[in-house]
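Trainee: have a look at this prediction, sequence included:
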Amino acid sequence: MADSYFIEDKFNPEDRFREALQQVEPGFWKKKPLAEMNKTEWELLCDGCGKCCLNKLEIKGKIRFTNVRCRFLDCQTCLCRIYPRRFEKMDDCRDIDLAAIREKPRWLPKTCAYWLLDNGYDLPAWHPLVSGSANSVHRAGMSLQNRRLISETGITDYENHIVDWPDL
Ligand code: SF4
Ligand code: SF4
């Protein structure tokens with residue numbers, strides 16, 4: 001039986017994205033610093049790539065990503081299946097706040113919208129806010145969709161699963 005807190009079966013990222021878009025000013029991310037964004041704006045900035053939900057190792061002061069995904073990440077949508085209760089259910093799930101974005105060494109992928117904006121870059125053309133579609137991150141091959149991933153359940157040899165994808 002599915003846990004009641006899992007994302008609902010009918011959850012549609014595209015519909016949710018379009019609905020949230022109605023609540024914000026066009027181009028808000030070009031006008032407001034991250035620190036001043038409201039919750040809807042902040043959530044919309046996430047491109048839905050899912051790459052922050054990969055397990056990582058710190059080796060010689062550098063973060064190395066693995067292809068081992070959090071067990072709660074949905075591989076198809078690249079969304080967290082327990083988003084509203086993630087901190088309750090996963091001890092090491094990190095909130096994406098300014099401190100996390102600025103942490104050294106960098107543990108967010110270099111395509112992460114928060115990291116890009118905080119470091120003076122603009123959003124890429126495939127970002128949903130630029131393209132107007134939540135699916136553009138998948139179409140551009142920038143999400144975890146269709147990548148060779150394994151679930152963390154039972155994994156102990158993370159060092160054998162390090163990946164060197166160019167978008168990390
Ligand atoms: S890496 Fe950044 S943009 Fe991608 S899912 Fe995580 S928070 Fe969102
Ligand atoms: S629990 Fe945290 S790390 Fe796991 S899928 Fe959800 S947001 Fe990602």
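Mentor: That came through fine. Ligands and ions are numbered 1, 2, ... in the order given.

Trainee: is stretch 157-168 anywhere near ligand 1?
Mentor: No. Stretch 157-168 is not in contact with ligand 1 by CB under 6 Å from any ligand atom; minimum separation 9.7 Å. The C-beta positions use only the backbone N, C-alpha and C, and glycine is treated the same way.

Trainee: first-to-last residue distance for that stretch?
Mentor: 20 Å (CA to CA, to the nearest Å).

Trainee: check stretch 114-128 too.
Mentor: 13 Å.

Trainee: can you tell me if it touches ligand 2.
Mentor: No. Against ligand 2, stretch 114-128 shows no contacts by CB under 6 Å from any ligand atom, the least distance being 13.9 Å.

Trainee: ok, stretch 111-122 near ligand 1 or not?
Mentor: Yes. Counting by CB under 6 Å from any ligand atom, ligand 1 is contacted by stretch 111-122 at C112, A113, Y114.

Trainee: quick check: V68 is in a strand.
Mentor: Yes. According to DSSP: H, G, I helix; E, B strand; the rest coil, V68 belongs to a strand.
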